[in-house]
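1. Sequence and computational prediction follow.
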Protein chains: 2
Amino acid sequence: MNDTFKALSDPTRRKILQLLKDKDLSAGEIASHFDISKPSISHHLGILKQARLVQDERQGQSMIYSINLSVMQEAMGWFLGLIGAKGGPPDE
Amino acid sequence: MNDTFKALSDPTRRKILQLLKDKDLSAGEIASHFDISKPSISHHLGILKQARLVQDERQGQSMIYSINLSVMQEAMGWFLGLIGAKGGPPDE
DNA sequence: CTTATATTTAGATGATAAGCTAAATATTAA
DNA sequence: TTAATATTTAGCTTATCATCTAAATATAAG
């Protein structure tokens, strides 16, 4: 869970997730959306991957990245736990 | 939005929010839940406050902190935007 | 007014993190 | 096998961040 929030704390990484929401993209295609060097984007992708927020799969020379929505949902569960029941003890 | 995610990226600050979910607490009461110096906790509270995730109000010698759920909901809205509609263009 | 309590501010330090360039790896194609 | 393309790894630099101690501020009580 900590890895998840750490990964989400960077605006470049959040934007990457928004790009991947629309469609799977290669590392190079992702990098083309930013004014940041490809090695730096690769580093961000590695952090997202370690947090399991994205998955990658080789396709020829390219690495195709896709979003992992189940981990996103876990993080959202944390929010729901906070928002859902202010005040009272849990489950009562 | 960036301040929000930055604030949420630290485990101590997330735990503070969980404490405040159950009930409002003074800075000292919050600090007593951690093995961290009071100035450090005060620093964390300042970051949460700047992100408007918490509010504070003086009560005698104490500062009483409370959670601001509306900002939490904004952050959750970001998640919903990502999870809600994978694949297709937005609103279609 | 002086002392005690609660909290924050200041200043310093060590760790993390984001960015870069250059070099290494992996795959495809000639 | 050699050259071209795509991506990652290595190594470095700079900036940000979490933490600490010591000092400052604010309120309450004697």
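-> It's in. Residues are numbered from 1 along each chain as shown, chains lettered A, B, ... in the order given.
2. Show me which positions of the longest helix along chain A end up buried.
-> Counting residues, the longest helix in chain A under DSSP state H turns out to be helix A:69-84. Of the residues in helix A:69-84, A:69, A:71-72, A:75-76, A:78-79, A:82-83 count as buried by neighbour count, 16 or more other CB atoms under 10 Å in any protein chain shown. For the C-beta atoms, the positions are set from N, CA and C on the backbone; glycine is no exception.
3. helices or strands up against it?
-> Helices and strands touching helix A:69-84, as assessed by 3 or more CB pairs under 8 Å, 6 or more residues apart in numbering or on different chains; DSSP states H and E, comprise helix A:2-8, helix B:11-22, helix B:69-84.
4. Chain A against DNA strand D: which residues are in contact?
-> For chain A, the contact set with DNA strand D under CB under 7 Å from any atom of the strand comprises A:26-29, A:31, A:38-39, A:41-43, A:45-46, A:56, A:61-63.
5. Out of the residues you listed, list just those in strands.
-> For the residues of chain A next to DNA strand D, the ones inside strands are A:26, A:56, A:62-63, with DSSP state E as the criterion.
6. Let's have these in a markdown table, adding pLDDT and neighbour count.
-> Written out in a markdown table, the entries for those read as follows (pLDDT from 0 to 100; neighbours: other CB atoms under 10 Å in any protein chain shown):
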| residue | pLDDT | neighbour count |
| --- | --- | --- |
| A:Ser26 | 98 | 16 |
| A:Asp56 | 98 | 17 |
| A:Ser62 | 98 | 14 |
| A:Met63 | 98 | 17 |
